[in-house]
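Asker: Here is a sequence together with a model predicted from it:
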Amino acid sequence: MIHQYKLNGNNIVLDVYSGSVHVVDDLVYDIIGLYEQKSKEEIVKLMLEKYKDDETVNEEEINNVFEDIEELKKNKQLFTKDTFENKAFDFKNRNTVIKALCLHVAHTCNLNCEYCFASQGKYHGERALMTFEVGKRAIDFLIENSGTRRNLEVDFFGGEPLLNFDVVKKIVAYARSIEKEHNKNFRFTLTTNGMSINDDVIDFCNKEMDNVVLSLDGRKEVHDHLRKTISGAGSYDIIVPKFQEFVKKRGDKSYYIRGTFTHNNVDFTNDIFHMADLGFTELSMEPVVCSPNDPYALTEEDLPKLYEQYEILAKEMLKREKEGRPITFYHYMLDLKNGPCIYKRISGCGSGCEYMAVTPWGELFPCHQFVGDSKYSLGNIFDGVKNKELVNKFKNCNAYARKECQNCWAKLYCSGGCAANAYHASGDITGIYEYGCKLFKKRIECAIMMQVEKEKNENN
Amino acid sequence: MKRIKTLNTRKLIDQDLSKCGCGECQTSCQSACKTSCGVANQKCEKSAN
């Protein structure tokens, strides 16, 4: 399968199953488009007619292009056949270990964000804080169920995890105290709205957290519109100086300023550039996930504008890189040479089998987006995973599990998409969230185009 | 190939599904997205697979 598109003056041809990316001129672009639909004779005739005013195009030249295409086919770089499909259906039989937990240390929040999928941190349940005993058991559970996997990830999430910061510190200290004897390496992440950041938080997180995710939606008026304090005031002025201080002291360690855009700010690149103006360089901006009936839900009419925004962002990032003031956008971080292996590309995020969320009470769910939905309870950290049938369903929820993905060129970039989004949009984890797919494909097209431009620059 | 420029990419088709997938990499959703799934932007812990 191939996918070809034009972007920023480039004719790009992606060979899906080899992962090869080719940049071609108009003649080759047209021939590749017709290659599997028409005979060579027909294509030659069509090309001679189309390029009759181009003196570089003649029958011999067209034949040369056919030879090049054949050579790329022979090298498995073009029109490569799918050899993964049959093997992917065995994925439910694969042995998986749990390697990551999302610890919901606080089902409560000190903000009252209108669009929060976690229902202001409560996940449609009671307010609660995780005790150290539950957190400690979660660490033991992870070690016990991680087999020989060395790198283990723990994400402190909520609600707002800093509302239970003492327990976060104790859980980290406990994990650090036993990681060596178990030959494990814990990587901690904390996601915060910033309200409770102080020097203690900054010092601790910059020492212990591999990554911090800091929630900011961009421009003050955009951020304050939906991210409000309990009393209804905007939170921008409180958190921005804290984030700036946090990041300044963080040095080279990872962080993301992570925003959500909605129907209210389809010009979201202005929010990303605002984040950059504030001095942040590691940026992520996600489309809101909500009911289509919510007033801020993204609409079909928004789509063309969003596509345009992703292009604006890619071009601006290239420009800034040339000017020596680069910014990183999470979804454009594509490493074509050293990116994920084919197994990862097919198997996906690992939710429900390799990755689970733990509630303040120790109940296990496939990921943070399923928490509170009793149908998706997997068991608990004390008695273990009980709903093996559901785990198997998640194991098999991969790039080949969805009929809609069968002919999609992007499936080895998204692994079939987010199970939670699919569930909320279609009622089934093996359905799809079509709107998300459209945005995802646009982002990948832009990300590949940026790699093309970077390679062009390196060669000049 | 004067009309075709091929980028240097990790060739997926040559990888053996039974040999790759060490699993040491990050679970994709944990880095920054939290509400979508993308694996292509994840780092490989041992890209020599």
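Answerer: Cool, got the structure. Only a predicted model underlies this, so the values are computations on that prediction, with no experimental measurement involved.

Asker: hang on, A:M449 is in a strand, isn't it?
Answerer: No. Per DSSP: H, G, I helix; E, B strand; the rest coil, A:M449 lies outside any strand segment and is helix.

Asker: Just to check, it is in contact with A:N10?
Answerer: Yes. Contact criterion CB atoms under 8 Å: A:M449 and A:N10 qualify, at 6.0 Å. All C-beta spots, glycine's among them, are computed from the backbone N, C-alpha and C.

Asker: Which one's more surrounded, these two?
Answerer: Applying other CB atoms under 10 Å in any protein chain shown to A:M449 and A:N10 shows that A:M449 carries more neighbours, namely 24 against 16.

Asker: and that one, what does it touch?
Answerer: Applying CB atoms under 8 Å, 6 or more residues apart in numbering or on different chains to A:M449 gives the contacts A:7-8, A:10, A:12, A:314.

Asker: Just among those, which is most surrounded?
Answerer: Result: A:A314 is most packed of the contacts of A:M449 (other CB under 10 Å), 24 neighbours.

Asker: That one and A:I448 touch, don't they?
Answerer: No. Using CB under 8 Å, A:A314 is not in contact with A:I448; the gap is 9.8 Å.

Asker: now what about the strand or helix carrying A:L27, what contacts it?
Answerer: Following DSSP states H and E, one finds A:L27 within helix A:26-34. With contact meaning CB under 8 Å, 6+ apart, helix A:26-34 is reached by A:2, A:4, A:6, A:11, A:13, A:24, A:42-43, A:46-47, A:50-51, A:54, A:57, A:61-62, A:65-66, A:68-69, A:78, B:3-4.

Asker: who's in contact with residue 25?
Answerer: All of this refers to chain A. A:D25 neighbours (CB under 8 Å, 6+ apart): A:11, B:3-4.

Asker: The intended chain is chain B.
Answerer: The contact partners of B:C25, by CB under 8 Å, 6+ apart, come to A:151, A:340, A:344, B:42-45.

Asker: which of those has the most neighbours?
Answerer: Busiest of those [other CB under 10 Å] is A:P340, holding 29 neighbours.

Asker: What does that one show for phi and psi?
Answerer: phi -60, psi 150 (degrees, to the nearest 10).

Asker: any idea how far A:S20 is from it?
Answerer: Distance, A:P340 to A:S20, using CB to CB, to the nearest Å: 16 Å.

Asker: Quick check, central residue of chain B?
Answerer: B:A40 (5.4 Å; CA atoms, centre = their mean).

Asker: Ignoring the adjacent residues along the chain, who's closest to it?
Answerer: A:Y413 (3.9 Å; CB to CB, 6 or more residues apart in numbering or on different chains).

Asker: Quick check: phi and psi at that neighbour.
Answerer: The phi/psi pair for A:Y413 (degrees, to the nearest 10) is phi -110, psi -20.

Asker: Let me know how buried it is, in neighbour terms.
Answerer: 26.

Asker: tell me which residues in stretch A:390-410 are buried?
Answerer: A:390-402, A:404-405, A:408-410 (16 or more other CB atoms under 10 Å in any protein chain shown).

Asker: Could you check how many residues crowd around residue 2?
Answerer: Defaulting to chain A. The burial count for A:I2: 19, using other CB under 10 Å.

Asker: nope, chain B please
Answerer: B:K2: 11 neighbours (other CB under 10 Å).

Asker: Can the helix or strand encompassing A:K45 be said to contact chain B?
Answerer: Following DSSP H and E, the helix or strand that holds A:K45 is helix A:40-50. No. Using CB under 8 Å from any CB of the partner chain, helix A:40-50 never reaches chain B; the gap is at least 12.1 Å.

Asker: ok, back up a step: tilt between the helix holding A:L27 and helix A:40-50?
Answerer: Calculated by axes from the mean of the first three to the mean of the last three CA atoms, to 10 degrees, helix A:26-34 forms an angle of 140 degrees with helix A:40-50.

Asker: How far off centre is helix A:26-34?
Answerer: Remark: helix A:26-34 is offset 32 Å from the chain centroid, using CA atoms, centre = their mean, to the nearest Å.

Asker: quick revisit: just the ones in helices from the buried residues of stretch A:390-410, please.
Answerer: Residues of the buried residues of stretch A:390-410 located in helices (DSSP state H): A:390-395.

Asker: nearest to A:V289, of the residues you listed?
Answerer: Set against A:V289, the nearest of those by CB to CB is A:F394 (18.7 Å).

Asker: So that closest one versus A:L103, what's the distance?
Answerer: 19 Å.

Asker: what do you get for A:Y376?
Answerer: Distance from A:Y376 to A:L103, by CB to CB: 17 Å.

Asker: what do you get for A:Y433?
Answerer: 26 Å.

Asker: quick one: secondary structure of the residue lying farthest from the centre of chain B?
Answerer: Computed with CA atoms, centre = their mean, the residue of chain B farthest from its C-alpha average is B:K2, at 28.7 Å. Here B:K2 is coil, with the state taken from three-state DSSP.

Asker: quick one on the thing from earlier: so which of the contacts of A:M449 sit within helices?
Answerer: A:A314.

Asker: So what touches stretch A:239-258?
Answerer: A:191, A:193-195, A:197-198, A:201-203, A:205-206, A:209-216, A:275, A:278-280, A:282-286, A:330, B:31-34.

Asker: For that stretch, buried residues please.
Answerer: Residues of stretch A:239-258 classed as buried: A:239-240, A:242-243, A:246-247, A:250, A:255-258 (neighbour count, 16+ other CB under 10 Å).

Asker: Repeat that for stretch A:430-445.
Answerer: A:430-433, A:435-437, A:439-445.

Asker: Repeat that for stretch A:157-170.
Answerer: Applying 16+ other CB under 10 Å to stretch A:157-170 flags A:157-165, A:167-170 as buried.

Asker: Could I get the contacts of B:C25 in a markdown table, plus columns for pLDDT and distance to A:L34?
Answerer: A markdown table is the format used below for the contacts of B:C25 (pLDDT from 0 to 100; distance: CB to CB, whole Å):
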| residue | pLDDT | distance to A:L34 |
| --- | --- | --- |
| A:N151 | 94 | 47 |
| A:P340 | 89 | 32 |
| A:K344 | 88 | 34 |
| B:Q42 | 81 | 35 |
| B:K43 | 82 | 38 |
| B:C44 | 85 | 36 |
| B:E45 | 83 | 41 |
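
Asker: would you list the residues you listed in JSON lines and tack on secondary structure?
Answerer: Formatted as JSON lines, the contacts of B:C25 follow (three-state DSSP):
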{"residue": "A:N151", "secondary structure": "strand"}
{"residue": "A:P340", "secondary structure": "coil"}
{"residue": "A:K344", "secondary structure": "helix"}
{"residue": "B:Q42", "secondary structure": "coil"}
{"residue": "B:K43", "secondary structure": "coil"}
{"residue": "B:C44", "secondary structure": "coil"}
{"residue": "B:E45", "secondary structure": "coil"}
